[in-house]
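Asker: generate coordinates for the sequence data below:
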Amino acid sequence: MVETFGFTHLSAGDLLRKAISSNSENGAMILNTIKEGKIVPSEVTVKLILKAIESSENDRFLFDGFPRSEENRMAYERVVGIEPDFVLFFDCPEEEMVKRVLNRNQGRVDDNIDTVKERLKVFTALNLPVIEYYSEKGKLYKIDATGTEDEIFERVRPAFAAWRLQKLSLILSKSGDPRTHTSLQVNKI
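Answerer: A predicted model of the protein is given here:
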């Protein structure tokens, strides 16, 4: 998606792991929270995302794994001042998600069966209200996430095509004064 559509990928998990490995002021707290399969406080994650946005030369961002809760969503929108143009929700059966996480072999501290099952509980409790919020606003694209990466990517293309048409319409209707910052949220486990 990054290469094809020109977005900068910002993974909340990667930013958090980088904060841990760089021994940042919140590194130990972030590590303990992730080990427990819980959500890192919104303020911490939003600050990391904002720092990444500010250091980028791009104005299009693909947020991977954030927001994971209504509190995350509200904190991000309050601090950054905008909400995503559209949201992709990769819908995948629980058994498939568990299998993928346990087989990705990245050596992550949270890639074990107990933590994965806890993350799925947290996801259901906290993330689904975020999905419902963006669905009600007409910004949600639900993607069937079963199959190969190529098959799933082909299911994503129509969402980006619709977004491009919407942006073109916005540019034409605003007489050259479109929003200058484009964001995309991707929710997955």
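Asker: burial check on residue 164, number of neighbours?
Answerer: 11 (other C-beta atoms under 10 Å). Where C-beta positions appear, they are placed from N, C-alpha and C, glycine not excepted.
Asker: for residue 50, see how far away it is.
Answerer: Note on residue 164: its distance to residue 50, by C-beta to C-beta, to the nearest Å, is 26 Å.
Asker: likewise residue 24?
Answerer: For residue 24, the distance to residue 50 - C-beta to C-beta - is 14 Å.
Asker: grab the nearest non-local neighbour of residue 120.
Answerer: residue 94 (6.0 Å; C-beta to C-beta, 6 or more residues apart in numbering).
Asker: verify the stated contact: the one you found with residue 117.
Answerer: No - contact criterion C-beta atoms under 8 Å: residue 94 and residue 117 do not qualify, at 9.1 Å.
Asker: burial count for residue 116?
Answerer: 19.
Asker: what does residue 145 give?
Answerer: 21.
Asker: I figured it hits residue 100, correct?
Answerer: No - counting by C-beta under 8 Å, residue 145 does not reach residue 100; the two are 9.3 Å apart.
Asker: which neighbours do these two share?
Answerer: residue 92 (C-beta atoms under 8 Å, 6 or more residues apart in numbering).
Asker: now do the helices in this structure.
Answerer: Along the chain, counting by DSSP state H, helices occupy 2-5, 12-21, 27-35, 42-54, 70-80, 94-103, 113-122, 128-136, 149-173.
Asker: redo those helices as CSV? Include mean pLDDT.
Answerer: Output for the helices of the chain, formatted as CSV (pLDDT from 0 to 100):
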stretch, mean pLDDT
helix 2-5, 90
helix 12-21, 92
helix 27-35, 90
helix 42-54, 93
helix 70-80, 91
helix 94-103, 84
helix 113-122, 82
helix 128-136, 93
helix 149-173, 79
